[in-house]
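Peer 1: Sequence plus the predicted model coming up.
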Amino acid sequence: MPVYIRKNVNFTPPSIDNFPLEDDEDYITDPDQLLDRLPQPYRMIDKVLSQWYDEVWQIIEKRENERLEESRRIRAPQYECSAQMESQGRACCVCDSVDGRYIFIGQPRGLSAVDVQTQEKVASWEEESVDIHYVKAYLIGVQVYLVVTIDDMGFARLLIFGGDKFYFVKILNEFQKGRGGAHRPIFSNPAHGEGGTKLIISKCEASRNGDYLGAMFENPETAEVWLEVYKLPRDAWLNELESVLTKKEEKSEEDQGTDTQAPTDQEAPTPQNEVEPPPAATQEESTGGEKHTPKLSPTSVVMKLKPPPSMSELRQKGNPASSIHSACQKVDSGEVIGTGVNHILTPNHKDMRKEVFAHLHDNLMEYLPKEEEAEPLEDVNFHFMTAGRLVPTGLEQQSQIEEEDDMKRLPTTIAVWWKGSTHVVHYSLLKQHKDFDVKPDLVWPYLSPVTSSAISDDTSLLAVGFENGNIIIWDRYLGIQRGIVNIMDRVKIVQLTFLDPNICPQNLDDYQPYRTKTSTHLLALCDNGALYIMMSGPGLELDPICITPPVESEDDIFTMVQPIPGMHDLLITVLKSGKVQIRDTLQGTVLCEPVLPKSHELMTPWDPVVAVGAMGQVLFLKGNNKDYGEEEGGDQSESAGALFMYQMKLFPTLDSYMSRRRDKVSQTVHAKIENRIEALMKERIAQQGLRKHRMQERWGNMKEEIWSILQYKDMAEKKADNRPEIHYKRVRNLSQTPGSMGWTPFFRN
């Protein structure tokens, strides 16, 4: 039986008011604890050990709960790879063609194209000491692709793949030829030659159809960055390539007809490894090239854009103009909303204001927070867009509005925003720009920094995500804002993606008989790992639906969220832990997990190399051998950068998705006058059979309507005859008027 003894019984309180309050720790169950008070430093050691024991116990409980939840969780089925592409060697990056026919593999010594169905190499482009780390393909014609690559040294190259061959176009950051016709990289000062500063390209993207291209240049010495926009002669390249292929076909027919001709000047019999060298390169510098190479049309620079100074830099330094006169000349005319850069507050004025403030508040200057250094804007994001009503440049071209084929609609505007900036700036591509001082045609200023953006396939919708969790969707075709929504406070929007409209239910009105609007889904990824989806349509409120809740563990954060081409109701997600998952887009449930062999693991999960070919039928993953680096004398090509192929059509959990019918739904609806009249006439003809029945019913109701009209007329006449007559007395006095005093009406019975 426990004995309860008061702790504080060794003194008598001076008064009842100063008696200490009783608490739970005022009693002990062990009387010996009164004498077991440890001296220092043993008391501190006991306290540290007790705290350490409590923390360890909490960790043990947390791990046990996680293990229990993991055992109760329904795990998605795992599927192993079908085959390993060993013949392709080491792969640094992978990209699929738009139509799903090929995949382009960047390798340490060049680039290769592989047929998705047969997994055989179709063509290759090789060059010494060129390690391709980025590759992207664009469909510019019928089975003709523009391939953009960036190597580990920061050199961007343009190639054209057509007729099972690669044709080298140019290196973007080059300025002259070296000895023997070799291309040398561009330098910041051409007078320095090879001793100058080399400019590198960190980002290079083209428009959807390959008409324009944007490249971000960096100067490592001065830390300057800028964006250059190029006009690509797509139509001229297609014509030149067609003429080259025609000549080769004629030459091959002639060579087949002559048996006595030597095969030295002929084309190689197998076109799989044929490569077109650069136009200015020699035959020794290319592998498998021909002596006479096609000369493709050169590209042209449209504009050069420098990043705007940050807001903190503007507050600290002011306008970098040399004088007030030059600053006044650069002030915006007021036709469009400016970016806030061109003002008349010079650095001298800012310094003078700081000195005055410091003199007036000298005793309080020590309590001011220190000014943080402004981070330079080192990253740029841009989208090429066709004509719309937000930027009317290009609307005068009738083909830009009424052309239903997206391949024939040329971009007219580029939207640019820099990392950390609060502006989205629009520039016209149809204007001529000579220097860096390019004034924007439209500026969207916001209160929060822009963190992500997305454009629909036909560039009619533009979504912008912000650091405060807001998302704004603009309808460029109509020139209006579709809506704004806040996903979650204090959450950054890191990725936005427009999905195909064929997975979104279209609300068609009963009238008009032609379609006037299109709805689509927008996918939003937050920095806390939450994934949201919302429907964007004319007249619809943006209602975000959480399909994946925020994650607690850092290993469960998404490093890649990408819709499967051709099947946007499926998502490929990669976790930071290295897991690859295929999810349902609208529900967010995990359908299956492609896994690598036990001897391999996903290479660079924070930047995974994943590609999908054959319009969602084949999946390619890049894996790394776990024992790579430990074994000596191993094959590098087999250990690092191995490609694994998965036949997604053989996954049982995806059978319902593979057999689902997906009709093409265009996001932009061009309701022409001719289409409207034709639709109305079809509706009128379809209702012609009902007109006879309606006419008979109408004539049958005509008699009843006439009879009711006559009845109403007779009743009105009877009511008029029964009304009493009213006679008014004529007043001679002008002061007595109807309604005044002394005026009274006389009634006749």
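Peer 2: Good, I have the coordinates. Numbering: from 1, shown residues only.

Peer 1: can we go C-alpha only for contacts and neighbour counts from here?
Peer 2: Fine.

Peer 1: So, low pLDDT: which residues of the stretch 1-150 of the chain?
Peer 2: Along the stretch 1-150 of the chain, the model assigns pLDDT under 70 to residues 1-38, 86-89.

Peer 1: Quick one: the helices in it, in order.
Peer 2: 42-72 (DSSP state H, counting those that start in this stretch).

Peer 1: Which stretches in it count as strands?
Peer 2: All strands of the stretch 1-150 of the chain, identified by DSSP state E, counting those that start in this stretch, fall at 5-6, 27-28, 78-80, 83-85, 93-96, 102-107, 110-115, 121-126, 132-141, 144-151.

Peer 1: Buried ones in the fifth one, by neighbour count?
Peer 2: Taking 16 or more other CA atoms under 10 Å as the neighbour-count basis, strand 93-96 is seen to contain the buried residues 93-96.

Peer 1: In contact with residue 588, which residues?
Peer 2: 547-548 (CA atoms under 8 Å, 6 or more residues apart in numbering).

Peer 1: Shouldn't it be within a helix?
Peer 2: No: Residue 588: not assigned to a helix; according to DSSP: H, G, I helix; E, B strand; the rest coil it is coil.

Peer 1: Now do the helices in the stretch 551-700 of the chain.
Peer 2: Using DSSP H, counting those that start in this stretch, the helices assigned to the stretch 551-700 of the chain run over residues 636-639, 655-658, 673-686, 691-721.

Peer 1: Who does residue 567 form a beta bridge with?
Peer 2: Beta-bridge pairing of residue 567 under DSSP bridges involves residue 564.

Peer 1: Verify the stated contact: it with residue 615.
Peer 2: Yes: using CA atoms under 8 Å, residue 567 is in contact with residue 615, at 7.5 Å.

Peer 1: Looking at the two, which has the bigger crowd around it?
Peer 2: Between residue 567 and residue 615, residue 567 has the larger neighbour count (other CA atoms under 10 Å), namely 21 against 17.

Peer 1: now the more buried one: how far from residue 66?
Peer 2: The spacing between residue 567 and residue 66, counted by CA to CA, to the nearest Å, is 34 Å.

Peer 1: Secondary structure element holding the spatially most central residue of the chain?
Peer 2: When CA atoms, centre = their mean is applied to the chain, the residue found nearest the centroid is residue 454 (3.5 Å). In this assignment (DSSP states H and E), residue 454 forms part of strand 450-455.

Peer 1: so what does that strand touch, helix or strand wise?
Peer 2: strand 461-466, strand 493-498 (3 or more CA pairs under 8 Å, 6 or more residues apart in numbering; DSSP states H and E).

Peer 1: what lines up beside the first one in the sheet?
Peer 2: Taking DSSP bridges as the criterion, strand 461-466 pairs within the sheet with strand 450-455 (antiparallel), strand 470-475 (antiparallel).

Peer 1: Go through these and pick out the most buried.
Peer 2: strand 450-455 (a mean of 23; mean count of other CA atoms under 10 Å).

Peer 1: so where's the stretch 151-300 of the chain uncertain?
Peer 2: Looking at the stretch 151-300 of the chain by pLDDT under 70, you get 175-197, 257-293.

Peer 1: no, scratch that, I was asking about the stretch 301-450 of the chain
Peer 2: 310-325, 327-345, 371-377, 392-408, 434-436.

Peer 1: can you give me the helices in it?
Peer 2: Using DSSP H, counting those that start in this stretch, helices in the stretch 301-450 of the chain cover 311-317, 324-329, 347-360, 398-402.

Peer 1: what about the strands in the stretch 551-700 of the chain?
Peer 2: Using DSSP E, counting those that start in this stretch, strands in the stretch 551-700 of the chain cover 558-564, 567-575, 580-584, 590-595, 600-602, 610-613, 618-625, 642-647.

Peer 1: Show me the strands in the stretch 401-550 of the chain, by range?
Peer 2: Going by DSSP E, counting those that start in this stretch, the stretch 401-550 of the chain shows strands at 413-418, 423-428, 442-445, 450-455, 461-466, 470-475, 480-486, 493-498, 520-526, 531-536, 545-548.

Peer 1: how about a markdown table for the ones you listed, with distance to residue 237 added?
Peer 2: Output for the strands of the stretch 401-550 of the chain, formatted as a markdown table (distance: least, CA to CA, whole Å):
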| stretch | distance to residue 237 |
| --- | --- |
| strand 413-418 | 23 |
| strand 423-428 | 24 |
| strand 442-445 | 32 |
| strand 450-455 | 27 |
| strand 461-466 | 30 |
| strand 470-475 | 33 |
| strand 480-486 | 37 |
| strand 493-498 | 31 |
| strand 520-526 | 35 |
| strand 531-536 | 38 |
| strand 545-548 | 45 |
